[in-house]
Structures are given as structure tokens and as C-alpha cells.
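Novice: Prediction below, plus the sequence it came from.
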2 protein chains.
Amino acid sequence: MTEEHEFEFEFDIRQDPYNHMMKIIFSRWKPFILRAIDFDGDNPTYFSRFFKQLPITQKVLSQNLKAMEQDGLISRNIIPEIPPRVEYKLTDEGKSVIALLDLVYDWGWKDMKRKSMPIDPLGEMWHGYRERDEDIMYHPYKKLNTKDC
Amino acid sequence: MTEEHEFEFEFDIRQDPYNHMMKIIFSRWKPFILRAIDFDGDNPTYFSRFFKQLPITQKVLSQNLKAMEQDGLISRNIIPEIPPRVEYKLTDEGKSVIALLDLVYDWGWKDMKRKSMPIDPLGEMWHGYRERDEDIMYHPYKKLNTKDC
DNA sequence: CAGTATCCTTAGGGATACTG
DNA sequence: CAGTATCCCTAAGGATACTG
């Protein structure tokens, strides 16, 4: 409706790559979800698997997975078992964004260190800033209590 | 208050570098603001300058600049003239994030191309994907109408 | 297991007007 | 010129319950 009175084009933030990236990648949970799938390597990730590492609700996870599938970052594959399982994997496109996420993480990690902010250890393990502790990485996130922050 | 009943630590998204980055860098306008200041090179950027390129309101710009100053990304310097002007520059820390933003832009640009999405020309000029047109870059964003999208 | 369905809260931003 | 001050709105997420 407002468009009807515009005869001129303007800078449209919606058509800018930064905006695009913030929508498809840099929303609250997506970097974590991508990292979680990547962490499983060639093994597929299942729906329930995410809850072992991320305090996310089913609804929000579902929403995010759906969006990321539509954006071509992940693939969804239903395994006909009883009960049925659903595999999530990174597409080639999804894999290609992991390296970028690493750089983003690194910049943020250094910035937080510089400012003496506490940094969560799970992300540090994923990113090689801390030795991997399988007991933490493969178990529910609440287990992190056994380690200091 | 909820903390009082927690005896255990959990994965805390607020202490993760991804979350940190999304707060201090990847919010709606910050990449654009950083790029705009960077574009002016050694010349400082003034408050009113931003409106020539970005359809942002004074309130939101002010909020963002304040946050970015506190986060150490930009510096604010008042010039005692009548009327007073205020210079904004990138700090060394702010400069160091520009290269990262370039990579983010590039990934997004390629993704949008792959998907045949229209891309705003102003950002393309800033990032070298289109020849610089001083007439566009130095004038109010509405002037973009004179060029095709 | 892998999700929906509802209801609710909140941060971030937009519109507009005003000020030192 | 360089901002505040108000008011409003919406998208994204959280809490909780339910389902094939």
C-alpha cells in the first residue's frame, strides 16, 4: 500500500546480503544447530540429539530446522522405522558455512577473552579451545555442572 | 530468582561467543553502520552522514552507536563548534571486524546469486561487486532510484 | 520418537514529535 | 547539528500441553 505511492527505488535492506545472512544464519539458535550437526560428522543427527546439548524447546528447534532446510543448509530424511526417526545432515552448502562460523566464533572468543567475560566450555570444545571431554559432549547439557565454568 | 533453586551449571547460551557476536555485531543495522564508517576511511563520519545511505531512524541509530561505543567498536568525539559536530571512527577493534564482515557479505552474496535473489547495489559498491558510483555513494539513498536494481 | 498446538513475553526496531 | 522522548508493533523465542 505504501509502495503504491513510491515512484522511486530506495536502498532496500531486505535485498542486502548482510540482512540475508542475519535471517538465514545469525539468528539465536542457528549457529549452534549447524555446529551440532557438523560435530556429528558423517553420522546423521536426530531430532532428540539436539536436546542433549542445547537448552532449546521442541517448537523452536522444529521451526529452525524447517527454515534451514528450506534455505538449503540442511537435509531431512525420514527413516521408516517404528517409531520413525528423522535424520538431519548438512548439505554441501551447509558445510560451506561452517568455516565462516568458525571465524565468527574465533573473533567473538577473542573479544570475550579481552573483556574477561566467562565463556561456556561446550562451545570451546566444539571449537578446539578446550580439550574434548566425551562425557560432556555426548551427554545432556546439564552434565556440564560437573565441570567448572 | 530462578537461579536460587539451581544447584547446577548448565550450558549458558549467554556465555557463548556466537551469542556474543550476534549481540554486538549481527543485529539489524550494525554491519551497515560499521561498513559506512569504514567506507569513509580516515575521514570521520558524522551523525547526519549515516542518513545519506541508510534508511534508519535517529533513535535507532543513536541506540546502536551508543552500544557499539560501549562494546569498543567505535569511538565518539565531540568537536566544539557551533553547532557542535560529533565524529565517529572505528577503533582498532572495530577495524579488525571489517574483514570478517567482508567474508560474511561474500558468503551471503554468493548464496543470493545462487538463488537468483535481487541484491541491493549500494552494498555491492561498498564491497566491490559493482563499480563505484560516487553520485550514488555520496548522496542520499533515495538517489538510488536513478539506477536499476 | 518427532514433532504440533496454544498462549504468552520481550527485545529491537519504526513513526513521529520535540530540544539544546 | 545531534540527538531525546513517546508510543506502537512485530518477529522470535519460551512454557506447557498434547499427538501420530
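Specialist: Cool, got the structure.
Novice: what bits of chain A have low per-residue confidence?
Specialist: A:1-10, A:134-149 (pLDDT under 70).
Novice: quick one: the strands in it?
Specialist: Applying DSSP state E to chain A gives strands spanning A:45-46, A:74-79, A:85-90.
Novice: TSV for these, including mean neighbour count and distance to A:Ile98?
Specialist: The way it works is simple: take the backbone N, C-alpha and C, and place the C-beta from them, glycine included. Below are these laid out as TSV (neighbours: other C-beta atoms under 10 Å in any protein chain shown; distance: least, C-beta to C-beta, whole Å):
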stretch	mean neighbour count	distance to A:Ile98
strand A:45-46	17	14
strand A:74-79	14	12
strand A:85-90	17	7
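Novice: Just send the ones you listed back as a markdown table, with distance to DNA strand D too.
Specialist: Below are the strands of chain A laid out as a markdown table (distance: least, C-beta to the nearest atom of the strand, whole Å):
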| stretch | distance to DNA strand D |
| --- | --- |
| strand A:45-46 | 13 |
| strand A:74-79 | 11 |
| strand A:85-90 | 10 |
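Novice: of all of chain A, which residue lies closest to DNA strand D?
Specialist: Nearest to DNA strand D in chain A, going by C-beta to the nearest atom of the strand, is A:Arg28, at a distance of 3.2 Å.
Novice: What count of nearby residues applies to that residue?
Specialist: 14 (other C-beta atoms under 10 Å in any protein chain shown).
Novice: which one is it nearest to, not counting chain neighbours?
Specialist: B:Met22 (7.1 Å; C-beta to C-beta, 6 or more residues apart in numbering or on different chains).
Novice: Next up, the contacts around that neighbour.
Specialist: Going by C-beta atoms under 8 Å, 6 or more residues apart in numbering or on different chains, B:Met22 touches A:26-28, A:31.
Novice: Narrow those residues to just the buried residues.
Specialist: Buried subset of those (neighbour count, 16 or more other C-beta atoms under 10 Å in any protein chain shown): A:26-27, A:31.
Novice: ok, and of the residues you listed, which contact chain B?
Specialist: Near chain B, taking C-beta under 8 Å from any C-beta of the partner chain as the test, the members of the buried ones among the contacts of B:Met22 found are A:26-27, A:31.
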